[in-house]
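K.L.:
Show me the folded form of this:
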Amino acid sequence: MEQTLYRMEHASPLWWPHMQLFSGVILCLFCVFASFCFFCIAKQQATTARLSCLALSVCLFAQACLSFLGAVVSDSISMTVYLVLNCVFVIAGLAALYFYRSVLSSVFFGSPDKADFEPQGDQPTPELEATQKELEQEIEAANRMRQRMQSIFESAPNGMLVVRKDGSIAQANTLAESIFRYPEGGMVGLSVEELVPKEHRPQHYGDRNNYVKAPTKRMMGDRKDLYGVCLDGHKVPVEIGLNPIEGSFDQEIVATIVDISERKKYQRFIESRNNELENSNRELQEFAFIASHDLREPLRKIIAFSRLLQGEDYGTFTAEGKEYSGYVVDAAERMRTLLDSLLSYSRVTSMANSFEKTDLNALIEDVCADLQLTVEENQAEITVLPLMSIEVDASQMRQVMQNLIGNAIKYRQTNQAPKIVISGEQQESKYLLTIQDNGIGFESEYAEQIFEVFKRLHGRDQYPGTGMGLAICRKIIIRHQGRIWADSVKGEGSTFYIELPLIRQEEQLNE
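P.N.:
The predicted structure follows:
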């Protein structure tokens, strides 16, 4: 009886067999499927992730076996044992999930953990290795380029500022900080207007905004004097160039800054020296003019009275006296000729005329007309090829051509008539005149000396003259901003070249 009662008290409830069978089958199928999935995933993971997936797969498979046993032998197993075993495997599965949660995160959310999850097996594939190597090379190249640009920025010979659209300074090199006397890094974040004198800041603010709307590479100031304000309030003269950075997000602008304090100092020094030289040249020209002009009157009297004495109206000279008086007259005549040449040399700049467009063909025709008697006496042949019309001082250029043509006739060969060819050629912005003759010529070592003052290659008994003609020619051509030189072979003739600018320097500056 007692045995019967005991069995009745501990008999399973009516719902237990059905629930245990149903839940066991469902849980067994789910665990088998989950175990298979994690086993397949484990085959594709790295070592650490593979172990975690295998652990989960084993736990789930054990849970499936337990569920299957619970469903099949529901009468021979107690509910307590069944629940305890289920709890053990559930806790083991949850523990595995907790410790290897990164695996599930990578599987379901695509965010693998670097330490626990490495795709594509233990070793990366060749494609991944190539991609990784390529990325590393690009990063290394980018770092090298950044370092290179920073090195160039710092080693630039000028001060450099990188200015943002709003006028704030994003970067400044060491030289820019030195120019404005700021400490290292002290200019970053500073408004560029703080480097501008206070009286010019409103205008600079407007000019900067207009420049940002249409940035171009140009110089600041339009040839005006610019000054920057240093940290201590000192003003420094500068030159600034602006260059927009293409592709910049903030429309950044690179400003190159040159401290021209030393240049300004030298300019003032040069201007002072030039003024002194101009005053000195003016005084020398005045002295040469006065000396040559005032000395001509005494010489004229010496010559006049010497000739009166030679006329025997006031007595008779002995043979030696006549000879000596002739020396006096000849010396006075030479002195007068030298003074006339010196006067002509001084008048090149002091008595110069304005430049005007002149037909060189007509000018040389007038020169030949003035030298007609000399040309006929020496049976000279002058050929003038077509020439241009250029801006010159007509009277001075006529003097140059008369001197050169006269010299070509004077220094002729004794056995042949003089032949002179005058031609011209335009060379870009210059015009080259050529005067060629078949005279006696000279050695090439004297090609420069013949243009010096009072320089002669022959004695007065052979060829008369003072040696001032070519010196006057050079001074005239220099006034025309040109140059003159000669090329010669002794015994074969000479060629003189005159190079004249088609546009004078003053006109270029005005443009």
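
K.L.:
Mind listing what's buried along stretch 26-40?
P.N.:
If you call a residue buried by 16 or more other CB atoms under 10 Å, then stretch 26-40 has these buried ones: 27-28, 31-32, 34-35, 38-39. For every residue, glycine as well, the C-beta is placed using N, CA and C.

K.L.:
try stretch 233-246
P.N.:
If you call a residue buried by 16+ other CB under 10 Å, then stretch 233-246 has these buried ones: 236-240, 242, 244.

K.L.:
wait, which of those residues is closest to residue 316?
P.N.:
Closest approach between the buried residues of stretch 233-246 and residue 316, by CB to CB: residue 237, at 81.3 Å.

K.L.:
does the closest one count as helix, strand or coil?
P.N.:
With DSSP: H, G, I helix; E, B strand; the rest coil as the basis, residue 237 sits in strand.

K.L.:
and it, bridged to which residues?
P.N.:
Per DSSP bridges, the residues bridged to residue 237 are residue 227.

K.L.:
List the contacts of it.
P.N.:
225-227, 259-261, 264 (CB atoms under 8 Å, 6 or more residues apart in numbering).

K.L.:
which of the residues you listed are buried?
P.N.:
With burial judged by 16+ other CB under 10 Å, the buried subset of those is 226, 259-260.

K.L.:
could those go into a markdown table alongside distance to residue 439 and pLDDT?
P.N.:
Converted to a markdown table, the buried ones among the contacts of residue 237 look like this (distance: CB to CB, whole Å; pLDDT from 0 to 100):
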| residue | distance to residue 439 | pLDDT |
| --- | --- | --- |
| 226 | 59 | 88 |
| 259 | 58 | 88 |
| 260 | 54 | 87 |
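
K.L.:
Can I get those residues in a markdown table including distance to residue 274?
P.N.:
Shown next, in a markdown table, are those (distance: CB to CB, whole Å):
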| residue | distance to residue 274 |
| --- | --- |
| 226 | 24 |
| 259 | 24 |
| 260 | 19 |
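
K.L.:
for the residues you listed, which one is nearest residue 374?
P.N.:
Taking CB to CB as the measure, residue 374 sits nearest to residue 260 out of these, at 57.8 Å.

K.L.:
my guess is the closest one meets residue 238, correct?
P.N.:
Yes: using CB atoms under 8 Å, residue 260 is in contact with residue 238, at 6.4 Å.

K.L.:
Could I get the buried residue list for the strand or helix carrying residue 475?
P.N.:
If you go by DSSP states H and E, residue 475 is part of helix 469-479. For helix 469-479, the neighbour count (16+ other CB under 10 Å) marks 469-477 as buried.

K.L.:
Which strands or helices does it pack on?
P.N.:
Applying 3 or more CB pairs under 8 Å, 6 or more residues apart in numbering; DSSP states H and E, one finds that helix 469-479 contacts helix 319-350, helix 394-410, strand 483-489.

K.L.:
where's that helix relative to the chain centroid, distance-wise?
P.N.:
Put simply, helix 469-479 sits 38 Å off its chain's centre (CA atoms, centre = their mean, to the nearest Å).

K.L.:
mean confidence score for it?
P.N.:
Averaged over helix 469-479, pLDDT sits at 87.

K.L.:
Run the angle between it and strand 483-489 for me.
P.N.:
Between the axes of helix 469-479 and strand 483-489, defined by axes from the mean of the first three to the mean of the last three CA atoms, to 10 degrees, the angle is 140 degrees.

K.L.:
That concludes my questions; thank you for your assistance.
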